[in-house]
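> based on what follows, work out the 3D shape:
(chains A and B)
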Amino acid sequence: MRRLTLLIAATMVVTACGSAASGTPPASPTFTPATLDRPASPVKITLLSPTSGEVVHGNMVSVVVAISGGTVTAVYSTHISPTVGHVHLYMNNQLVYMSYTLHQSLPVNPGVLYSMYAEWVASDHFPFSPRDVTPTIYFKVAPS
Amino acid sequence: MQTPPSSVLIVFGETPDPGLSSITVVNGSGTNVDAGPTTTVPGKPADLEVPLKPHLADGVYTVTWKTVSTVDGHLATGSFAFGIGVAANAVPHTAAVVGANPPSPLAVVMRLLLFVGLIVVLGAVVLGAYAFGSPPPLLRRVILAGAIAAGLGTVGVVAAQALGAGVSLAEVLSSSLGRSLLSRAVPAVVLLASAVFLFGKRGRHAMLFSVVAGVAALAAMAVDVLNSHAAAQSPSALNEFAQWLHIAFVGVWIGGLAALLVVLRRQPPDTQTHTTRRLSTLAGAGLVVVAATGVFRAVIEIQTWGNLVSTAFGALVLLKIGLLVILAGLGAFNRYGNLPRLPRALHRLRRVVSTETLVALGALTVAAALVNVAPPAEYAAAAASAAQPTSLVASASDYATTVKVRLIVTPGTSGFNTFDLRVTDYTTGSVVHAGRVILQFTQPFRPSLGTSTLTLARQPDGTFRAHGGNLSLDGIWEVAAIIENGDQSTEVHLQLTTITKPPVVQESRFAGGLPPVFTIQITSGIQAQVYLDPNKPGDDEFHCTFVSATGNEVPIAEATIGMTTPGGTPTILVSRRLDDIGHFVADATVPAGKTRFDILATTRAGQSVATYIVITPGS
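Just a heads-up that it's a prediction; the model follows:
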């Protein structure tokens, strides 16, 4: 009986030390974001006015943009189509207007040199890929 | 996290010894990003904080901590990870791995030695007094052996703690472990001295030294309890008393059994019978007290049935209970089977007592292991502390660098907060005893809110405190601390960002060099789609469109877009409406690194919405 008792006690002591050991931490999930494709647009956008090198008189400039192969829409949508969108107009690299028309008059300051370009963007206000932009033109406003 | 934190603050369930504890933070490359040593937080002894280097890059960071508790001297370690600019579900989700260090064999053996020594001493003293008037020579040897074992165990327990904490002897002596050693040493020395002096004494003198030895053993048990898990539970006095009673009556019961085993061999049968009968009564009382106090302490430390069966601590308690049930069974067999048949059954009784002693040794070993394992109650306390309000901490100095100010805002969310402010000399770091401190609050992106003020009251320790609802809205706040001292005043500017649940952001990346688009969930019905174009340091356009859950633009009456650059001042951007519904654009000169954009708007239906996004151009 004594040997059995010793064996039981020893087993319990070993169990005591073993029970206090820690478990393993849980498994770790990981997440990798995907890169999405953005469609290209067949629409051709042209900045008709002002023209490059033009000298504008007064404190307003008349901006005319032409597009071919697409439709201008004022309706926001995340279901984009390459031929449906609107124009972003940049003056001195600042987005000055989101035009739902193709003819806009913008205020300018006399004696200042301006850069300008226009971009055709989708109905969700985000560019196509590659970006559909006109070449940058420069015009000057005559001093007052 | 969208922006890098300035420090890591950890709240512990027991007060850590700052001299023996540390927090380290490393980046994904394993490089340390600590900006200074680990320090305590004024007024919060259970908190430790480590400052971080500024402008931490995006990525995953790992925090590793090591603490030695000032309560029970136990070493605990843990680690967790957090991400900066990394989507929350992209961070490998290591739930904090906390302090589940198995007890070292040395710690268990030394604790067992201490327990056995004290229990044997107390059992021998009690048996000697109860059955013989004063301890016979054999019991005096038992008392001396127990005192030596207890002395070795006392030193060994602290040595094991120091080894586990990886500290040197010099560090031990100047730390909480050293103070623990000193408090343990006093009763251990008294016990050893009285056990030695007991040898040459007779009669009343022998009884006196025996009593002193017994009292010293009880005192040593009390000191051990004061450095145990019981001291960390509330109410601490009741838990400590129950734990002390538990150990003391284990001494009366188990220690008495061990003493009986030694004494029985040398006594005539009549004396053996008399001694056994007397001890049996004592042992019965001891069993009842041990069981009752054991159940009480187990309930306090384990708290739920689930913890009893699912934690290491619970498993050890179940094991101990099993062994004690066996002990009780053997004791009952002796009392009701062998005792009535004495002296004929003396030999059988001795065999059962021997068995009881061995089983008791197993139970004491389990108890020694239990002392070195964190009970579930400690994790619950730590979790409760962590769930309690956290704090915002902001520090700054005045332009003339004459004073430094540290402001702690608790809980740091919008609404009512407690503001604790400490003003120190910029050069010496000593507390500046200002006459009055006033805080002025403005929200840079809501100038129409105006400025609110809060006067702080001076506290006995020289700091200033007040409660107020000045942080009435979420977002970035500029706080001016006006420190008045006589006819002089100094102004220190701080910036606070209320603690909010980070917005849920879905990032969409596109091929072809287009900037990423971030969709921010503002409310259950409104999202903000934002992007920075061309997403490079320098002149950018920040676009923001408010969209409903059905995919339509939300009509917005007015919108404000603010920008806060790393270390910079919050600035309202010049923004323009690009359509007559909900699309806005703002011009921003964005530096390299993380920049926070705050978006505040009012819908045409009158609903106010606010959110923010942190963007690193070029990422």
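
> only C-alpha atoms for contact and neighbour calcs from this point on.
Will do.

> quick check: the gap between the most centrally placed residue in chain A and residue A:135.
Nearest residue to the geometric centre of chain A (C-alpha atoms, centre = their mean): residue A:126, 5.4 Å. Per C-alpha to C-alpha, to the nearest Å, residue A:126 is found 19 Å from residue A:135.

> can you check residue B:312 too?
From residue B:312 to residue A:135 the distance is 72 Å (C-alpha to C-alpha).

> the more surrounded of these two?
Set residue B:312 next to residue A:135 and count neighbours by other C-alpha atoms under 10 Å in any protein chain shown: residue B:312 wins out with 26 against 14.

> ok, the more buried one to residue B:71 distance?
For residue B:312 relative to residue B:71 (C-alpha to C-alpha), the value is 21 Å.

> and if you look at residue B:603?
Between residue B:603 and residue B:71 the distance is 56 Å, computed by C-alpha to C-alpha.

> with neighbour numbers in mind, choose between these two.
Set residue B:603 next to residue B:71 and count neighbours by other C-alpha under 10 Å: residue B:71 wins out with 20 against 17.

> what sits against the residue nearest to that one when sequence neighbours are not counted?
Nearest residue to residue B:71, sequence neighbours excluded (C-alpha to C-alpha, 6 or more residues apart in numbering or on different chains): residue B:227, at 5.4 Å. Shown in contact with residue B:227 (C-alpha atoms under 8 Å, 6 or more residues apart in numbering or on different chains): B:71-73, B:180.

> how about the strands in the stretch 451-600 of chain B?
Secondary structure of the stretch 451-600 of chain B (DSSP state E, counting those that start in this stretch): strands at B:452-458, B:464-471, B:476-485, B:488-497, B:504-510, B:517-521, B:526-533, B:538-548, B:556-564, B:571-572, B:575-577, B:583-590, B:595-603.

> for chain A, find the nearest of the ones you listed.
strand B:504-510 (4.7 Å; C-alpha to the nearest C-alpha).

> now the strands for chain A?
Assigned by DSSP state E, chain A shows strands spanning A:35-36, A:44-49, A:55-56, A:60-68, A:71-72, A:84-91, A:94-99, A:103-107, A:113-122, A:127-133, A:137-141.

> export those strands to TSV and tack on mean neighbour count and mean pLDDT?
As requested, the strands of chain A are exported to TSV (neighbours: other C-alpha atoms under 10 Å in any protein chain shown; pLDDT from 0 to 100):
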stretch	mean neighbour count	mean pLDDT
strand A:35-36	12	72
strand A:44-49	18	94
strand A:55-56	18	94
strand A:60-68	16	93
strand A:71-72	16	92
strand A:84-91	22	92
strand A:94-99	19	78
strand A:103-107	13	89
strand A:113-122	22	95
strand A:127-133	19	94
strand A:137-141	19	96
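
> those into a markdown table, with extra columns for distance to residue B:133?
Formatted as a markdown table, the strands of chain A follow (distance: least, C-alpha to C-alpha, whole Å):
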| stretch | distance to residue B:133 |
| --- | --- |
| strand A:35-36 | 89 |
| strand A:44-49 | 113 |
| strand A:55-56 | 121 |
| strand A:60-68 | 115 |
| strand A:71-72 | 110 |
| strand A:84-91 | 105 |
| strand A:94-99 | 102 |
| strand A:103-107 | 113 |
| strand A:113-122 | 102 |
| strand A:127-133 | 100 |
| strand A:137-141 | 114 |
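
> need phi/psi at the residue nearest to the centre of chain A.
Dihedral angles phi and psi of residue A:126 (degrees, to the nearest 10) take the values phi -120, psi 150.

> chain B versus that one, what's the distance?
9 Å (C-alpha to the nearest C-alpha, to the nearest Å).

> gap between that residue and residue B:235?
According to C-alpha to C-alpha, residue A:126 and residue B:235 sit 63 Å apart.

> how about residue B:367?
22 Å.

> more crowded one of the two?
Remark: of residue B:367 and residue B:235, residue B:367 carries more neighbours, 20 against 10, as counted by other C-alpha under 10 Å.

> just to be sure, that one is in a helix?
Yes. Judged by DSSP: H, G, I helix; E, B strand; the rest coil, residue B:367 forms part of a helix.

> check contacts around residue B:443.
B:449-450, B:475-478.

> after the helix or strand of chain B with the lowest mean pLDDT, next one along is what?
In chain B, the helix or strand scored least confidently by mean pLDDT, DSSP states H and E is strand B:97-98, which has a mean of 45. Moving toward the C-terminus from strand B:97-98, the first helix or strand encountered (DSSP states H and E) is helix B:105-127.

> now do that following helix, average pLDDT.
Averaged over helix B:105-127, pLDDT sits at 91.

> report the distance from that helix to the chain centre.
30 Å (C-alpha atoms, centre = their mean, to the nearest Å).

> by contact count, what packs against that helix?
helix B:137-165, helix B:203-226, helix B:236-250, helix B:256-264, helix B:346-371 (3 or more C-alpha pairs under 8 Å, 6 or more residues apart in numbering or on different chains; DSSP states H and E).

> name the residues of the next helix or strand after the first one that are buried.
Right, the one you point to is helix B:137-165. The helix or strand immediately downstream of helix B:137-165 is helix B:169-173, counting by DSSP H and E. By 16 or more other C-alpha atoms under 10 Å in any protein chain shown, the buried positions in helix B:169-173 come out as residue B:172.
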